[in-house]
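Novice: Sharing a sequence plus its predicted fold:
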Amino acid sequence: MFELKQRATFEQVIKKSRFLALALPVSCDEEAKAALAAHSDADANHNCWAWRIGPAYRFFDDGEPSGTAGKPILAALDGQRIDKVLVIVTRWFGGILLGSGGLVRAYGGTAAACLRSASLIEVKPTIKAMVSLDFSDLARVKARLESVPDLTIAQEQFTATGADLVLRLPEAAAQSVAQMVADLTSGRAELTVE
């Protein structure tokens, strides 16, 4: 999954109609609605859009035939696995009808080209986990945990016999990290996922 680092734009002319795509990072639907209000062009014929934030999504054809604008824009977002993004494709009509297939290609293609040119950040799903360690295991386990890519020790709370560690780690690494902790402590410590 990816997210936008910053806004991106892409413009093209298709059969005398001008299409301008604007991709914006958004974190909630209120932010998406505010961005729509701020960036829609009242002088344009159509301001079609789609956004995705996690499992939630919305799209709008703004007067174009149903399914020819918003859905293709959403398909471009999903096809490139981009989350927390709003894409607005604004059209200024050039006098030549594109037909349903032409509109789908124009809106979806403009959105996809905009997203391909955007600067992206890869987002890896993370989980929170906890492990209680004896003092005899603490230094060795911490050293190995710190060598795991994208793992952070979010909290370290000392106890009478050792320490409780709260970890943020990539979801894909959870099983291997749990096995590593068990192996390093000869089964005395166990990683528990919250």
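Specialist: Great, that's in hand.
Novice: Excluding sequence neighbours, find me the nearest residue to the residue nearest the centre of the chain.
Specialist: Centroid-nearest residue in the chain: D83, 2.7 Å away (criterion: CA atoms, centre = their mean). Leaving out its chain neighbours, the residue that sits closest to D83 by CB to CB, 6 or more residues apart in numbering is M1, at 5.3 Å. From N, CA and C alone the C-beta is placed, and that goes for glycine too.
Novice: roughly how far apart are that neighbour and G95?
Specialist: Computed as CB to CB, to the nearest Å, the M1 to G95 distance reads 40 Å.
Novice: Compare neighbour counts for those two and give me the winner.
Specialist: A count of neighbours by other CB atoms under 10 Å puts M1 above the other of M1 and G95, at 13 against 7.
Novice: For the more buried one, which residues are in contact?
Specialist: Counting by CB atoms under 8 Å, 6 or more residues apart in numbering, M1 touches R81, I82, D83, E122, V123, K124, P125.
Novice: Swap in 6 Å and give it another go.
Specialist: Neighbour list for M1: R81, D83, V123 [criterion: CB atoms under 6 Å, 6 or more residues apart in numbering].
Novice: same check, this time on L115
Specialist: Contacts of L115 (CB under 6 Å, 6+ apart): A23, A76, Q80, I82.
Novice: Helices - which of those land there?
Specialist: Judged by DSSP state H, helices contain the following of the contacts of L115: A76.
Novice: Having no further points to raise, I will conclude here.
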